[in-house]
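Participant: The amino acid sequence is not available; the structure is as follows:
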């Protein structure tokens, strides 16, 4: 959350001239609820199940960029599934960068929208401690703070040729 997955995915899709989808948008379309509304009504576990269903449904689409939620790779075997079914990119962001971005955009983010600054920093640090080992399994890691979308697109092209 806050690393820039959606914006980066949209920009990569334009450069690579392929479609872009965001799993949050697919979930909202499928459930007719915003992510916040779904969380409030159903909780995190049902959300993660639908998120996984939506993720798996993307294999019916050919040659696309998919932006997932930050927790998606950490649920069950999603990271392994994504690595098996495409090229994965981890946008590495430290806790300071994430705090800077998220402190001003908490609305609509059910896991953080009611947190004060201290709680937000604790949430970010805790999530990174748990999630970084999983994210590190991605095919490509790229620093979110120094993001150059054209350079990342080239890295993806090179990686794609190597497989």
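Facilitator: Good, I have the coordinates. This one's a predicted model, so the numbers in the text were calculated from it and none came from an experiment. Residues are numbered from 1 along each chain as shown.

Participant: C-alpha from now on. contacts and neighbour counts both.
Facilitator: Noted.

Participant: Do you know the pLDDT at residue 108?
Facilitator: On the pLDDT scale, residue 108 is placed at 77.

Participant: next one: the one 4 residues further on
Facilitator: According to the prediction, residue 112 has pLDDT 91.

Participant: pretty sure it contacts residue 121?
Facilitator: No: counting by CA atoms under 8 Å, residue 112 does not reach residue 121; the two are 10.0 Å apart.

Participant: Please name the nearest non-neighbouring residue to residue 64.
Facilitator: residue 19 (5.0 Å; CA to CA, 6 or more residues apart in numbering).

Participant: Report how many residues lie close to that neighbour.
Facilitator: 16 (other CA atoms under 10 Å).

Participant: ok, now how distant is it from residue 62?
Facilitator: 9 Å (CA to CA, to the nearest Å).

Participant: circling back: show me what contacts the residue nearest to residue 64?
Facilitator: Residues near residue 19 by CA atoms under 8 Å, 6 or more residues apart in numbering: 13, 63-65.

Participant: ok, and the most crowded of these?
Facilitator: Neighbour-wise, the contacts of residue 19 (other CA under 10 Å) top out at residue 65, 25 neighbours.

Participant: Which pLDDT value goes with that residue?
Facilitator: Looking at residue 65, the pLDDT reads 95.

Participant: who does it bridge with?
Facilitator: As for beta bridges, residue 65 partners with residue 20 under DSSP bridges.

Participant: what are the ranges of the helices in this protein?
Facilitator: Per DSSP state H, the chain carries helices over the ranges 5-16, 23-31, 35-42, 44-57, 78-85, 95-102, 117-135, 149-162.

Participant: Turn those helices into CSV, including mean pLDDT and distance to residue 143.
Facilitator: Listed next are the helices of the chain as CSV, based on pLDDT from 0 to 100; distance: least, CA to CA, whole Å:
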stretch, mean pLDDT, distance to residue 143
helix 5-16, 95, 12
helix 23-31, 95, 22
helix 35-42, 91, 27
helix 44-57, 95, 24
helix 78-85, 96, 19
helix 95-102, 95, 11
helix 117-135, 96, 13
helix 149-162, 92, 10
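
Participant: how about those in CSV, adding distance to residue 71?
Facilitator: Formatted as CSV, those follow (distance: least, CA to CA, whole Å):
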stretch, distance to residue 71
helix 5-16, 12
helix 23-31, 11
helix 35-42, 13
helix 44-57, 8
helix 78-85, 10
helix 95-102, 15
helix 117-135, 8
helix 149-162, 22
